[in-house]
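Visitor: okay, predicted coordinates and the sequence, questions at the end:
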Amino acid sequence: MNNIKIKALATWAAFALMSLGSCKKDFLDTKPSTQFAESDVWSDPNLIQLNLNSIYNQNPFSFYLTSLSVDEARSYDGGNDFNMSNMLLTPDNAGWGDWNGKYRAIRDCNIFLENIDKLPDDPTLIDGVTLKNRLKGEAIFLRAWYYQMLVSYFGGVPLITKSYILTDDFSAPRNTYEECIKFISDECDMAASLLPLINTGDNNGRATKGAALALKSRVLLYAASKLHEPNTFAGFAKPELLGYTGGDNVQRWQAAKSAAKAVIDLGVYSLYQPNPESAEQATKNYEDLFTSKESTEDIFVRYFNVAANLGADFWPVFPNGFGGIEYNGATSETVDAFEMSDGTVFSRNNPDQNKEPYKNRDPRFYATILYEGAKFRPRPSNLLGVDPVGVLQVGTWEKWDAATGKITYIYGLDSRNSAVYGGGYNNTGTSMLKFINRKTDMYVNHQDDLTWRYIRYTEVILNYAEACIELGENGEARTYLNMIRKRAGMPGFTESGSALKMKYQNERRIEMLFENQRFFDVRRWMIGPEAYHPMHGVDVVYKLNADKTTATIPTITPVQITTGKWEDKAYFMPISRSEMNKNNKLVQNPGYN
């Protein structure tokens with residue numbers, strides 16, 4: 001059974017009941033799901049795997065999980081994203097992080113690990129490992145996964161490795177940041193020792209040795225970064241909760257480098273279509289990477305299945321004139337970060353580039369962003385008369401009204417003033433294309449068979465290159481970065497030192513766009529002020545020509561669409577007041593008292 005494709009329900013017992021039809025065992029004589037004895041659960045491989053499935057499915061998935069809370073994208077709507085961008089988060093309005101939800105998943109992992117040895121031993125090897133070892137390895141990996149999410153948002157957190165009962169003392173102090181990183185790293189090593197190198201058949205989508213080592217790579221890269229260096233938070237009463245208070249940072253970068261290289265040396269993963277023959281092919285390859293069911297880059301993924309009514313919902317990110325609500329519009333800051341096709345920096349101060357800002361850009365741009373006039377997919381039948389080609393229309397056309405002697409306006413089908421679906425939420429003048437299958441028809445089904453890649457191989461290469469740059473190994477860094485550049489159809493880097501570091505940071509920004517990386521990169525690099533400020537979109541207006549009958553050339557003008565500012569407290573999230581009230585041993589992060 002492809003376990004990761006099943007949506008989590010309130011309890012694993014209900015989850016088991018919903019999943020019986022796809023299990024290998026005949027459950028016709030099974031007890032009702034509410035009557036499973038503990039001995040039934042932990043002695044039955046199918047029930048145990050269903051239990052583990054529910055832990056997998058607590059892993060959050062969203063096209064805009066953090067993109068709207070950093071400078072990647074904006075929506076007309078507000079909520080946590082607005083609060084984050086305007087530094088309005090407080091313990092009473094904590095925003096991202098979901099402390100309680102992550103600990104719920106960790107508790108489930110602890111219960112699982114406390115009971116898995118009750119499963120009878122079976123020496124049969126599947127993908128090179130026994131079932132018990134694989135399941136144990138997956139639970140250890142998932143516990144490490146949820147802890148790394150907590151640490152990325154909050155810094156040091158309480159390390160809980162047992163399940164609690166009602167009579168236990170629930171209060172626990174936060175462990176130091178260093179203790180948390182060592183714990184997660186050790187968990188990854190333990191999981192890697194138990195998990196298969198690859199999964200086959202029904203086990204595709206489950207954690208592997210590569211997933212555990214890649215998670216370790218991410219964790220150690222984050223830990224070595226500027227945010228967590230000694231003395232960064234020397235003014236805070238408990239700096240050990242937010243970073244290291246001693247030790248050798250060179251050794252930390254070396255550990256990050258070694259962790260990434262361990263994944264590379266597995267020889268299991270490779271860049272998807274690494275040698276395009278043209279810029280057009282590079283664009284297609286990059287788009288296909290995110291719409292394909294499987295790729296050579298897949299390390300830790302989540303599959304979706306439309307046939308089982310368990311597809312990924314694309315309605316929030318489709319342009320409103322094509323049946324969506326267009327929730328994730330790329331900011332002008334994001335658009336401008338894409339280089340020109342020759343590797344030079346795009347500049348609004350360049351008159352030619354500013355006049356035609358979507359011309360001759362990095363090939364990945366055309367696989368990532370939809371912009372005015374970009375071809376997308378066929379319109380529904382009732383709109384074909386307005387747009388027979390199927391291009392994005394976010395602009396406004398001037399029209400001369402001879403009767404009144406005044407200019408009137410016609411609004412594009414995908415603009416906020418469009419009559420189609422109330423105009424949607426997008427106010428940036430561009431839309432997200434990355435992850436979107438052009439064949440998906442929102443008017444038929446909002447869902448698609450997306451494969452969401454929590455970790456892909458390119459991230460590991462970027463991790464390795466970053467560690468090399470920090471260690472002064474510029475040539476090695478360029479070797480690996482230029483593999484990514486070649487796949488993208490872009491010129492290789494020749495820079496060294498601080499110039500290469502700057503190029504690298506932008507490369508990571510572009511390559512990992514909308515993949516829930518920049519939110520954390522901005523923080524660990526401590527470049528908050530660069531990413532949190534008033535954001536911009538574009539106004540696209542087709543002004544009347546002199547004949548007052550045609551409007552053919554768009555004027556594209558950047559406009560401010562949101563407020564925004566930066567405060568250093570936002571390098572970490574606040575712990576919610578409800579959690580602080582429940583546990584009097586917790587210490588709040590700086591700036592939130």
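Guide: Great, that's in hand.
Visitor: any idea of the mean pLDDT in the helix of greatest length in the chain?
Guide: What stands out as the longest helix in the chain, according to DSSP state H, is helix 131-154. Per-residue pLDDT values over helix 131-154 give a mean of 98.
Visitor: report all helices and strands that it contacts.
Guide: helix 45-56, helix 99-115, helix 177-194, helix 209-224 (3 or more CB pairs under 8 Å, 6 or more residues apart in numbering; DSSP states H and E). (Each C-beta comes from the backbone N, C-alpha and C, glycine too.)
Visitor: return the most buried member of those helices.
Guide: For those, the largest average neighbour count (mean count of other CB atoms under 10 Å) is found in helix 209-224, namely a mean of 26.
Visitor: any idea how far the most far-flung residue of the chain relative to its centre lies from Phe365?
Guide: The centre of the chain is farthest from one residue, Ala403, which by CA atoms, centre = their mean lies 52.8 Å away. According to CB to CB, to the nearest Å, Ala403 and Phe365 sit 43 Å apart.
Visitor: with Asn581 instead?
Guide: 48 Å.
Visitor: which one's more surrounded, those two?
Guide: Taking other CB atoms under 10 Å, Asn581 and Phe365 do not tie; Phe365 has more neighbours (26 against 10).
Visitor: picking that back up, next one: the longest helix of the chain to chain centre, how far?
Guide: Chain-centre distance of helix 131-154: 18 Å, with CA atoms, centre = their mean, to the nearest Å.
Visitor: then stretch 487-496?
Guide: Centroid separation for stretch 487-496 versus its chain: 24 Å, with CA atoms, centre = their mean.
Visitor: pull out the buried residues from it.
Guide: 487-490, 493 (16 or more other CB atoms under 10 Å).
Visitor: a strand runs through Pro276, doesn't it?
Guide: No - counting by DSSP: H, G, I helix; E, B strand; the rest coil, one finds Pro276 to be coil, located in no strand.
Visitor: how many neighbouring residues does Gly321 have?
Guide: Neighbours of Gly321 using other CB under 10 Å come to 29.
Visitor: thought it was touching Arg416?
Guide: No - using CB atoms under 8 Å, Gly321 makes no contact with Arg416, being 11.1 Å away.
Visitor: any regions of the stretch 451-593 of the chain where pLDDT drops low?
Guide: Counting by pLDDT under 70, the stretch 451-593 of the chain shows no low-confidence range.
Visitor: rerun at 90
Guide: Confidence mapping of the stretch 451-593 of the chain against pLDDT under 90 gives the ranges 546-553, 562-564, 593.
Visitor: quick one, strands of this structure?
Guide: 73-74, 125-126, 129-130, 298-303, 312-313, 329-330, 369-370, 396-401, 406-411, 431-432, 447-448, 451-456, 536-542, 554-560 (DSSP state E).
Visitor: partners of the fifth one in the sheet?
Guide: In the sheet containing strand 312-313, the strands it pairs with under DSSP bridges are strand 447-448 (antiparallel).
Visitor: need the residues that contact the strand it pairs with.
Guide: Residues from elsewhere that reach strand 447-448 (CB atoms under 8 Å, 6 or more residues apart in numbering): 304, 306, 309-314, 437, 440.
Visitor: list the contacts of Gly235.
Guide: By CB under 8 Å, 6+ apart, the neighbours of Gly235 are Pro590.
Visitor: circling back to that earlier point, and the pLDDT at the residue farthest from the centre of the chain?
Guide: Value for Ala403, per-residue pLDDT: 93.
Visitor: what does the one 4 residues further on give?
Guide: According to the per-residue confidence, Ile407 scores 94 in pLDDT.
Visitor: hang on, the earlier thing: make a markdown table out of the strands of the chain and add distance to Ile55 and mean neighbour count.
Guide: Shown next, in a markdown table, are those (distance: least, CB to CB, whole Å; neighbours: other CB atoms under 10 Å):
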| stretch | distance to Ile55 | mean neighbour count |
| --- | --- | --- |
| strand 73-74 | 30 | 29 |
| strand 125-126 | 20 | 14 |
| strand 129-130 | 19 | 17 |
| strand 298-303 | 13 | 21 |
| strand 312-313 | 20 | 20 |
| strand 329-330 | 34 | 30 |
| strand 369-370 | 35 | 24 |
| strand 396-401 | 49 | 16 |
| strand 406-411 | 47 | 12 |
| strand 431-432 | 30 | 28 |
| strand 447-448 | 24 | 20 |
| strand 451-456 | 14 | 21 |
| strand 536-542 | 40 | 20 |
| strand 554-560 | 43 | 15 |
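Visitor: using JSON lines, lay out those together with distance to Gln281.
Guide: Output for the strands of the chain, formatted as JSON lines (distance: least, CB to CB, whole Å):
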{"stretch": "strand 73-74", "distance to Gln281": "27"}
{"stretch": "strand 125-126", "distance to Gln281": "38"}
{"stretch": "strand 129-130", "distance to Gln281": "39"}
{"stretch": "strand 298-303", "distance to Gln281": "21"}
{"stretch": "strand 312-313", "distance to Gln281": "26"}
{"stretch": "strand 329-330", "distance to Gln281": "23"}
{"stretch": "strand 369-370", "distance to Gln281": "18"}
{"stretch": "strand 396-401", "distance to Gln281": "34"}
{"stretch": "strand 406-411", "distance to Gln281": "36"}
{"stretch": "strand 431-432", "distance to Gln281": "22"}
{"stretch": "strand 447-448", "distance to Gln281": "24"}
{"stretch": "strand 451-456", "distance to Gln281": "20"}
{"stretch": "strand 536-542", "distance to Gln281": "28"}
{"stretch": "strand 554-560", "distance to Gln281": "28"}
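Visitor: between the ones you listed, which gets nearest to Tyr146?
Guide: Tyr146 sits nearest to strand 451-456 of all those, at 12.3 Å, using CB to CB.
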